[in-house]
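>>> Model the structure of this input:
(6 chains)
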6 protein chains.
Amino acid sequence: MGNPCVSASAWAYVDGAVVPLEQARYWPNDLAIIYGEVVYEAARTFGGRPFRLQEHIERLYRSLRYARLDPGLTPDELTTATLEVVERNRPDLPDGSDTWIFHNVTRGSHPHFGTVGRGGAGPNVLVWTHELGFRYWARHYLEGARCVIPSVRHVEAAAQDPRMKTRSRMVFARAEQEAHALDPGAYTLLLDGGGRIAEATGANVLLVRGGEILTPRTGAALEGVSLGMARDLSADLGIPVREADLTTYDVLVADEALLSSTPYGLLPVTRVNGAPVGSGQPGPVFARLIDAWSESVGVNIVDQAQRFAEAR
Amino acid sequence: MGNPCVSASAWAYVDGAVVPLEQARYWPNDLAIIYGEVVYEAARTFGGRPFRLQEHIERLYRSLRYARLDPGLTPDELTTATLEVVERNRPDLPDGSDTWIFHNVTRGSHPHFGTVGRGGAGPNVLVWTHELGFRYWARHYLEGARCVIPSVRHVEAAAQDPRMKTRSRMVFARAEQEAHALDPGAYTLLLDGGGRIAEATGANVLLVRGGEILTPRTGAALEGVSLGMARDLSADLGIPVREADLTTYDVLVADEALLSSTPYGLLPVTRVNGAPVGSGQPGPVFARLIDAWSESVGVNIVDQAQRFAEAR
Amino acid sequence: MGNPCVSASAWAYVDGAVVPLEQARYWPNDLAIIYGEVVYEAARTFGGRPFRLQEHIERLYRSLRYARLDPGLTPDELTTATLEVVERNRPDLPDGSDTWIFHNVTRGSHPHFGTVGRGGAGPNVLVWTHELGFRYWARHYLEGARCVIPSVRHVEAAAQDPRMKTRSRMVFARAEQEAHALDPGAYTLLLDGGGRIAEATGANVLLVRGGEILTPRTGAALEGVSLGMARDLSADLGIPVREADLTTYDVLVADEALLSSTPYGLLPVTRVNGAPVGSGQPGPVFARLIDAWSESVGVNIVDQAQRFAEAR
Amino acid sequence: MGNPCVSASAWAYVDGAVVPLEQARYWPNDLAIIYGEVVYEAARTFGGRPFRLQEHIERLYRSLRYARLDPGLTPDELTTATLEVVERNRPDLPDGSDTWIFHNVTRGSHPHFGTVGRGGAGPNVLVWTHELGFRYWARHYLEGARCVIPSVRHVEAAAQDPRMKTRSRMVFARAEQEAHALDPGAYTLLLDGGGRIAEATGANVLLVRGGEILTPRTGAALEGVSLGMARDLSADLGIPVREADLTTYDVLVADEALLSSTPYGLLPVTRVNGAPVGSGQPGPVFARLIDAWSESVGVNIVDQAQRFAEAR
Amino acid sequence: MGNPCVSASAWAYVDGAVVPLEQARYWPNDLAIIYGEVVYEAARTFGGRPFRLQEHIERLYRSLRYARLDPGLTPDELTTATLEVVERNRPDLPDGSDTWIFHNVTRGSHPHFGTVGRGGAGPNVLVWTHELGFRYWARHYLEGARCVIPSVRHVEAAAQDPRMKTRSRMVFARAEQEAHALDPGAYTLLLDGGGRIAEATGANVLLVRGGEILTPRTGAALEGVSLGMARDLSADLGIPVREADLTTYDVLVADEALLSSTPYGLLPVTRVNGAPVGSGQPGPVFARLIDAWSESVGVNIVDQAQRFAEAR
Amino acid sequence: MGNPCVSASAWAYVDGAVVPLEQARYWPNDLAIIYGEVVYEAARTFGGRPFRLQEHIERLYRSLRYARLDPGLTPDELTTATLEVVERNRPDLPDGSDTWIFHNVTRGSHPHFGTVGRGGAGPNVLVWTHELGFRYWARHYLEGARCVIPSVRHVEAAAQDPRMKTRSRMVFARAEQEAHALDPGAYTLLLDGGGRIAEATGANVLLVRGGEILTPRTGAALEGVSLGMARDLSADLGIPVREADLTTYDVLVADEALLSSTPYGLLPVTRVNGAPVGSGQPGPVFARLIDAWSESVGVNIVDQAQRFAEAR
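Modelled structure (predicted):
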């Protein structure tokens, strides 16, 4: 609500065309609001190039099938639209910086409230971008991030599979509110109903123990694209990766803990619920992975974050 | 998205002022979209008068406390704003019809994306109205409604208490998609993880057996304002109401099943998963309650619905 | 109840001898009725030859150990009796058709009610056969089968392990009643209490995704003999098979879904809860597997089914 | 299986007529065998008069609704048939003894196997009687009964509501096998998945503590007709009865524990898992209730049992 | 371990006699250490008089029955011993102060390790006292206490009923460690596996909403003697008390929250997980109850605590 | 309590020094008693040499991290202290016998009760030894052990991870009491809340089926050092070992079942809940493993146990 104040040069793909971003808005009768019924993706660029965009698009279409939502365009058409939005917004991006790429798909207006908003039938597809907010995580590459596990549990698979990426995330919001009230600035790690580690709000969890990387089982968390990258890099580096049922025990006895997510790639976790993880410092497996990642994408990820964090 | 096409005379309370409804919109950086983080209420008028508005406002403030969201105005201020919106929109309402009253509260823009949309800090409060869509339920007063219990389960209380009224309802949306694929037009009834009846998507469930009304326990479902009305009317009519753990067994052996919800008040359920409930026809307890309700609010609820359903 | 009307030439193994099938009956004091305490197997022939009979017999004896029920004869003795029943009934079987082979083992009469029925102590072993009812599934090879996931959940392992094959299957019966009321003719797929896919009522579930076959973990479902055959054929064809925790998400994003069961071997599932699976058509992995199966047993499985389905 | 050896004068209601009991039998293609799909009731006489027969019939029809099984005759018709069977079998009953009254309802033959057995469509209704086996429980009135809680848990309500009385009770059979292997002659008490007391296999559980009777909540167990009688007698005697979540703790700290069931009415439980309950002797509340029950039905329940137990 | 430094005048009941407290110690082969197998009670005096000692003793004997541990002396004998210990230690207690009274019962040495420690068979009963540590909670009467709900859940009833008071409380210890790492000084509130409020570590929880007091259901928590006192006082004051399934929602929307426990009686909770409860200040129901309690026991509870807290 | 009667030559490491064992004792104000807050290890010698001591020490430090308990000395320091205690006690050990090695770590006195016991801050570390009690298990190598699965379930991981080795084991004690009341001398096997096999009280469970060894998944049970040895020996012998979800079904259909634990290494289980496992006799895989183990440690494990069992 209120007035949009985006710069004139920001563009988005809205309802089939690239238009000024200020035209991307949801009326209260949209199912995006009525039911939080938004399937989405969040990708990014490295060095200006979209990173594993195809994987993000494929995951989006899996989420859409699960939500029984037909977006009305093919993966290829969406890829084309995405690349166009990235190009149109490139001039606005500071040199050397990188950008988020967001996809939101909704079912459109609720039929009961057709006379509000556009009232149109059919799904809405939005693609927009936004410069990455490096200042929010830059220091965590160096100092490590703190995690808090709140009392709030993740939604059970019997209600909703966490592999669908949806905007209907009030549980995440409440978990973060609870965690931040006790430790502002901490990341929020969710357990499932049985006390197993599921995922952080917006990130996958990786534990290092005895030279091996452990992750929650497929199905416990979003199938992270960054997690996939971390798996690939680990394979290249000869670090085995294994899925397991993990609990707080595994975090507290781990040599290292990591979060993987689109905006920052990988972060080292150095405290959980106030207790140190491993040495309490970012560890060597993190260092090897983030270096390999940087090399792979041609961007020094840690340096870039520091540079743009200071710039603000 | 797209163009708003509301009539010029529709008004809403947005960010502290009553403005044209077309100014009520959410940008993609609003936490309403990012997290589906919208706490809301849905009230209505009977005969043009807001019905139990104070109870709705109180429930809204309970939801807000649970969500740790400060709306920035008091219940009294919100009541005043609500009444003003209702008055401003009254001229547009057909004679004898009634209106929804919606409250949406969000936390505002996500701090990472401040340069999109209004970028303002602090919560957004929206109040808007919309004529009730009688045609969607009018015939169910007479014929009864069908319910389907899908395989999707309700969110567990360990993740989120169903007493908070939130727009983050993708689980409801998916449950309805599943139910409607098998029986279009059916209402959707959710069980909890233990197979106990929780609530319908947007309605409370009441069962009649042996002259007594049974409802799921407090905490299994939204604390329905219409359910409260049904309780009060039952007390007046000498019908005992009792909370219990209920399963599909209770529905299938019930004499009658009812749904209570703001737009329609009460509906008789005559089939569940294809099996008849009781006689398979709307029953006498429903009839007594809907008559008492009509008398209480001075509107013949069933007649009004038929009249306006035909009008479309 | 009522009069048996089996043809004079139908034979069964009953209480240690091959006798006319009409002598195979259970009195109401049998624990088969009192407790539904029947451990059983269901095998079939291909081209008149019992298929993996030894595996069925071994599974039967595992079920018997779990049920603490001593059948009073050895696996070899039961195999001999089985083959004799098959031979005795062969003349009645239409040329080119095939037959079910059923084993039922019960504990005998309930001691409290010894004066009804035979009153004998000790277990009863029954072996009987029946021509396969191809008409019930023939068209599903070509068109695909529809599945419905009802609200009824599978029995939890804490109560009973699904790997025991028992006739005490009222849960299956109720699940099917619920599914069929919404979609007559659909197969019924059960989730466990945590929302994980367990099995269809009488069939195992296989999903194809990315060239790999996924099945629920051992312990979630009956250890299907047909599933074992599908695994073996997949190994021959170079298709990897992996166990995983699977949910409705996995079905909805699968390229193909299959059911495996004794009577039909394999069927393609093309719709689940009204949504298409993959392309909505039987897929290439199904085709490769059913062809390999046909070749392996020397019977064109699909053709045989069409031929005998039309014959009725 | 084998030969029926019932006396010539035993009669049963089978498929609409009263016929010799030996005509009551199930072929292997009956859904009674295929799925254990039998809904049933077990009533008894006191002094030759059916006890609370109407309540049993009503519960049967509730079970039938839950099972979606139409028996094809009305409650009144079934009552008439029941009374006729009781009358026809009365001459065989020793003087002063009493009889079980059983109702079994099945859906009939499985459609796939119509050529075995009668092959008829539609449900089967069986009513039969059998003299009560007093010797199995007579001494427990005097000495008390032992209970064992096995590791096997009751079926969860998400799979099947325990209020349906079904013959598909393999879980009960297995629980008893486990309990009897450790303590032959003990009654078997089942917990639900959360460790709450559900019911004994075939009996309800009542605990006495501080002058009050506690029972598991409605929905945790069969709605016992004998439990209802115990409630009524308690009301007459001024003993309060209350439902609660109960665990092994409640049993072990109880003053008395009781089982209620059709054949014996009430039994005192004096040991659970080898530990004494209360004083380890039948207690005063049991004595008051069984006396009141005897008086109410005009039969000295304890004496009758001793007399007929010795007679065998 | 290390040297005992108790004052010469401290006395305890150990193994049947009142002896110097320094003789009360556990060797490593005691089941108190091997299994944490200690059943206990914690009572206190008000104005020097043991408070509801009989209730504590009765609860102890219920715990012992659940633990299958025979203490070797009767409740009356234990009461006598307790009173003697209190008397013997009275001279050491500062004037106007009050004392804890602890009972520990263990099974004695583990049979495998009889040659360590006393090696004796049979149970050990210890009674000892210690002046109350008013300084730990005195200011919470005035300012209110903070609670944290950690990620650790309470032990489920299927494993152990929380109504047994046992020293085997590592779960409590870990929950407190987690809570204190985030908020030192906070009380720790535990949820059960389903997200329902169970109890604080060592205290019961009471919520005030709309003039009514709500508590978790019996069976979710220790049957608190102080809770019983609060119930009695509420009855006297005309405040209704009701048991319910409660979640974090109920805490966050409550008007007041209270903890009840032996040492402090009642405390107001003013923050939970960093969010204010009610007004964020101790409320009127707390004030009425603590005043009534003080009057009942003849000690101004709040004043006493302040006085002795300052004295240290 | 009572008098310590250890021989003069028994030594223990207590609070930083090797002292007579009788100085190792816990006062009632120690958190070892207050909360059962003892993290521990139990190792042993074979032929006088500590067996896999480093693994035990490492597991201890993992438990300590999970318990957030800093022992105040390094693993190397603790190893040195351990070896010294073993050496000091060696003269007392009968020739050819072997010894337990125990480590107990506690947090020290509860701050509220500082005036009892030593009152010191900081953790306590105790190392002590005791000759193995061969007579308790010697015959089980030859005859096999019986297991009982009680109704008591293991603590869920949401409350406490079973991989921490803690003395707070009242659940184990109660489970054993229940099992022993029904079958004295049986080992006690615990299921988790979902009916999956967790562990025996103090031992891991291994099943042999079809030439393969199956164990519960990591995280379901203590990470047994003896289990690790069994894995290593199996690898040497070419026997595959695989983790799986296991239920009572798996035990009852297994060819062999084994328990692994520090004192006895491995034992064959020949009965579970009264039913035979496999042939009901110790099996060949057990024989191969115990032989290989004996060879590896240079002690004939079975013979040693018989010899010292008879000696008592």
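>>> from here on, contacts and neighbour counts on C-alpha atoms
OK.
>>> Point out where the stretch 101-250 of chain A drops to low pLDDT.
Counting by pLDDT under 70, the low-confidence segments of the stretch 101-250 of chain A come to A:114-122.
>>> burial measure for whichever residue of chain A sits closest to chain C, as a count.
Distances between chain A and chain C by Cα to the nearest Cα are smallest at A:A158, namely 3.9 Å. A:A158 is flanked by 22 other residues according to other Cα atoms under 10 Å in any protein chain shown.
>>> Please give me every residue in contact with it.
B:152-153, B:193, C:193-196 (Cα atoms under 8 Å, 6 or more residues apart in numbering or on different chains).
>>> Any chance of TSV for these, columns secondary structure and distance to D:V299?
What follows is the contacts of A:A158, written out as TSV (DSSP: H, G, I helix; E, B strand; the rest coil; distance: Cα to Cα, whole Å):
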residue	secondary structure	distance to D:V299
B:V152	coil	53
B:R153	coil	50
B:G193	coil	47
C:G193	coil	47
C:G194	coil	50
C:G195	coil	52
C:R196	coil	53
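>>> Now distance to B:T270 and neighbour count too, for the residues you listed, in CSV please.
Formatted as CSV, the contacts of A:A158 follow (distance: Cα to Cα, whole Å; neighbours: other Cα atoms under 10 Å in any protein chain shown):
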residue, distance to B:T270, neighbour count
B:V152, 22, 27
B:R153, 22, 28
B:G193, 25, 23
C:G193, 28, 22
C:G194, 30, 17
C:G195, 28, 24
C:R196, 31, 24
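>>> Which one of these is nearest to B:A292?
Nearest to B:A292 among those, counting by Cα to Cα, is B:R153 at 33.9 Å.
>>> so how far is chain F from that closest one?
Applying Cα to the nearest Cα, to the nearest Å, the value for B:R153 to chain F is 19 Å.
>>> Look at the residue in the stretch 1-150 of chain A that chain F sits nearest to and say how many residues are nearby.
Residue of the stretch 1-150 of chain A nearest chain F, by Cα to the nearest Cα: A:I149 (12.2 Å). As a burial measure, A:I149 scores 25 neighbours (other Cα under 10 Å).
>>> what sits against it?
With Cα under 8 Å, 6+ apart, A:I149 has these contacts: A:179, A:188-191, A:272-273, E:150-151.
>>> Mind doing that once more with 10 Å?
Neighbour list for A:I149: A:175-176, A:178-179, A:186-191, A:197, A:200, A:248, A:272-273, E:150-152, E:178 [criterion: Cα atoms under 10 Å, 6 or more residues apart in numbering or on different chains].
>>> residues in the stretch 201-312 of chain A within reach of chain C, list them.
Residues of the stretch 201-312 of chain A lying close to chain C by Cα under 10 Å from any Cα of the partner chain are A:217-220.
>>> measure stretch A:19-33 end to end?
22 Å (Cα to Cα, to the nearest Å).
>>> Is that stretch positioned near chain B?
Yes: applying Cα under 10 Å from any Cα, one finds stretch A:19-33 in contact with chain B at A:21-33.
>>> Torsion angles phi and psi at the residue in chain A positioned nearest to chain D?
Residue nearest to chain D within chain A: A:A158 (12.0 Å; Cα to the nearest Cα). Backbone torsions of A:A158, given as degrees, to the nearest 10, read phi -60, psi -20.
>>> ok, and the closest non-adjacent residue to it?
Nearest residue to A:A158, sequence neighbours excluded (Cα to Cα, 6 or more residues apart in numbering or on different chains): C:G195, at 3.9 Å.
>>> before we move on, the earlier item: Throw the residues of stretch A:19-33 next to chain B into JSON lines and include neighbour count, thanks.
Below are the residues of stretch A:19-33 next to chain B laid out as JSON lines (neighbours: other Cα atoms under 10 Å in any protein chain shown):
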{"residue": "A:L21", "neighbour count": "26"}
{"residue": "A:E22", "neighbour count": "20"}
{"residue": "A:Q23", "neighbour count": "18"}
{"residue": "A:A24", "neighbour count": "25"}
{"residue": "A:R25", "neighbour count": "25"}
{"residue": "A:Y26", "neighbour count": "28"}
{"residue": "A:W27", "neighbour count": "27"}
{"residue": "A:P28", "neighbour count": "23"}
{"residue": "A:N29", "neighbour count": "23"}
{"residue": "A:D30", "neighbour count": "31"}
{"residue": "A:L31", "neighbour count": "23"}
{"residue": "A:A32", "neighbour count": "31"}
{"residue": "A:I33", "neighbour count": "29"}
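>>> before we move on, the earlier item: mind listing which of the contacts of A:I149 are in helices?
Using DSSP state H, the members of these that fall in helices are A:175-176, A:178-179, A:248, E:178.
>>> on that earlier part again, not counting sequence-adjacent ones, nearest residue to the residue of the stretch 1-150 of chain A closest to chain F?
That would be A:L189: by Cα to Cα, 6+ apart, it lies 4.9 Å from A:I149.
>>> Isn't the one you found up against A:A221?
No: counting by Cα atoms under 10 Å, A:L189 stays clear of A:A221, with 11.3 Å between them.
>>> Now do the shared contacts for these two.
Shared contacts of A:L189 and A:A221, defined by Cα under 10 Å, 6+ apart, comprise A:154, A:197-205.
>>> Report the buried members of those residues.
With burial judged by 16 or more other Cα atoms under 10 Å in any protein chain shown, the buried subset of the shared contacts of A:L189 and A:A221 is A:154, A:197-205.
>>> And the contacts of stretch A:303-312?
Residues outside stretch A:303-312 that contact it (Cα under 10 Å, 6+ apart): A:47, A:94, A:96-98, A:132-142, A:264, A:294.
>>> List only buried entries from the residues you listed.
Buried among those by 16+ other Cα under 10 Å: A:47, A:97-98, A:132-135, A:137-141, A:264, A:294.
>>> Which one of the residues you listed is nearest to chain B?
For these, the nearest to chain B is A:G133 (6.1 Å; Cα to the nearest Cα).
>>> Isn't the closest one up against B:H110?
No: look at A:G133 against B:H110 with Cα under 10 Å: they stay out of range, at 11.5 Å.
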